[in-house]
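> Build me a model:
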Amino acid sequence: MAGRRRWLRWVIAGAAVVVVLAVGGPFVYIHFVEGPAPAPLGLKASRSAAPPATSPSGGGNAGGGNTGGAASAVSGRWQAGPASVVGYRVKEVLLGQDNLAVGRSHAVSGSLTIDGTKVTAATFTVRMATIHSDQSQRDVQFDGRIMDVSAYPTGTFSLTRPISLAPLPAVGTVRTYRATGDLTLHGHTRRVSFPLSAERTATSIKISGEIPVTFADWSIPNPSFGSFVTTQNHGILEFLLVLGK
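This next block holds a predicted model:
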């Protein structure tokens, strides 16, 4: 009888160790080994700004600023520079532990055209194979099963509706506008509309925003990997464009 009790205690202790490793292992890995996910991309105003108001055309938000000389200064074609970044942000559960999967790339090309106080055209492209996270195993899944970057090497966005900037905000002021255009991912194109923030500096224009992406809408397989990693059915495409003339 004493032997059976000792055997039972060993079984219980072994089960407890398995439970601790199953729960504690991913917790330690996510919070102490992998570390926190990068902060969301965004802009911070470098000067105070009055609350924005919707412009009469419905394409943007008005703000202070002299539109006379400013309009001629911003008119023209603005090209995406090397500081531009595009990526994804997806909530995942790794063996019961909440985590954020974040992948990013600086391989962004494209341009934006401003005529006076209106954005008349914009097209941007990212090479999908250059989007990397902090985990090579995740990147292998992204490049292959999920996004199939060999078959669909690029993701693109093209503006389909002009954006009114009038009146142009002062340098250093962040304003919010709304963009509408065609987003192509995984070989599928869908119309999207989303808010974005923009700031004009002395030498550049910075634009930041997020586009919600429901995977099934672009025929993207759910990133979940068996019972080891599960994700929601949607994620965020985030971007920060730094444009120069």
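> what about the strands in this protein?
Shown for the chain, the strands assigned by DSSP state E span residues 53-54, 61-62, 76-80, 85-94, 97-105, 108-115, 118-127, 154-159, 163-164, 174-185, 188-200, 205-214, 229-231, 234-244.
> quick one: strands adjacent to the longest one?
Sheet pairing here is set by DSSP bridges, and for strand 188-200 it gives strand 174-185 (antiparallel), strand 205-214 (antiparallel).
> want to throw those into CSV with mean pLDDT?
What follows is the strands paired with strand 188-200, written out as CSV (pLDDT from 0 to 100):
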stretch, mean pLDDT
strand 174-185, 98
strand 205-214, 98
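> Can you name the residues that contact the nearest residue to His188 once chain neighbours are set aside?
Closest residue to His188 apart from its sequence neighbours, by C-beta to C-beta, 6 or more residues apart in numbering: Trp218 at 4.5 Å. C-beta: built from backbone N, CA, C; applies to glycine. Neighbour list for Trp218: 185-186, 188, 190 [criterion: C-beta atoms under 8 Å, 6 or more residues apart in numbering].
> Got the domain ranges for the chain?
1-35, 39-244 (automatic domain parsing).
> Tell me which of those sits most buried.
domain 39-244 (a mean of 17; mean count of other C-beta atoms under 10 Å).
> Arg145: which of the contacts of Trp218 is nearest?
His186 (11.5 Å; C-beta to C-beta).
> Tell me the one among the contacts of Trp218 nearest to Glu238.
For those, the nearest to Glu238 is Leu185 (13.7 Å; C-beta to C-beta).
> Tell me if I'm right that that closest one and Thr214 touch.
No: counting by C-beta atoms under 8 Å, Leu185 does not reach Thr214; the two are 11.0 Å apart.
> on that earlier part again, please identify which of the strands paired with strand 188-200 is closest to Val242.
Val242 lies closest to strand 205-214 among those, at 5.5 Å (C-beta to C-beta).
> chain center to that closest one, what's the gap?
Counting by C-alpha atoms, centre = their mean, to the nearest Å, strand 205-214 is centred 6 Å from the centre of its parent chain.
> and if you look at stretch 236-245?
10 Å.
> export that stretch as CSV, just CAs?
Output in CSV follows, covering the C-alpha atoms of stretch 236-245 (Å, rounded to 0.1, in the frame of the first residue of the first chain):
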residue,chain,number,x,y,z
ILE,A,236,-3.7,45.1,-38.9
LEU,A,237,-1.6,46.4,-41.8
GLU,A,238,0.3,49.3,-40.4
PHE,A,239,2.5,51.8,-42.2
LEU,A,240,4.7,54.9,-41.7
LEU,A,241,5.6,56.6,-44.9
VAL,A,242,8.4,59.2,-45.0
LEU,A,243,8.2,61.1,-48.3
GLY,A,244,10.6,63.4,-49.9
LYS,A,245,10.4,65.5,-53.1
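> what comes into contact with that stretch?
40-43, 76-81, 83-90, 108, 111-112, 124, 183, 185, 203-213.
> pLDDT of it, averaged?
Per-region confidence: stretch 236-245 scores 97 on mean pLDDT.
> ditto for stretch 103-114
Averaged across stretch 103-114, the pLDDT comes to 98.
> Stretch 40-58 now?
For stretch 40-58, the mean pLDDT works out to 54.
> separation between the residue nearest to His188 and Ile146?
11 Å (C-beta to C-beta, to the nearest Å).
> ditto for Thr201
36 Å.
> And for Pro162?
34 Å.
> Same question for Asn233.
Taking C-beta to C-beta, one finds Asn233 at 13 Å from Ile146.
> again, but for Trp78
For Trp78, the distance to Ile146 - C-beta to C-beta - is 32 Å.
> All set, thanks.
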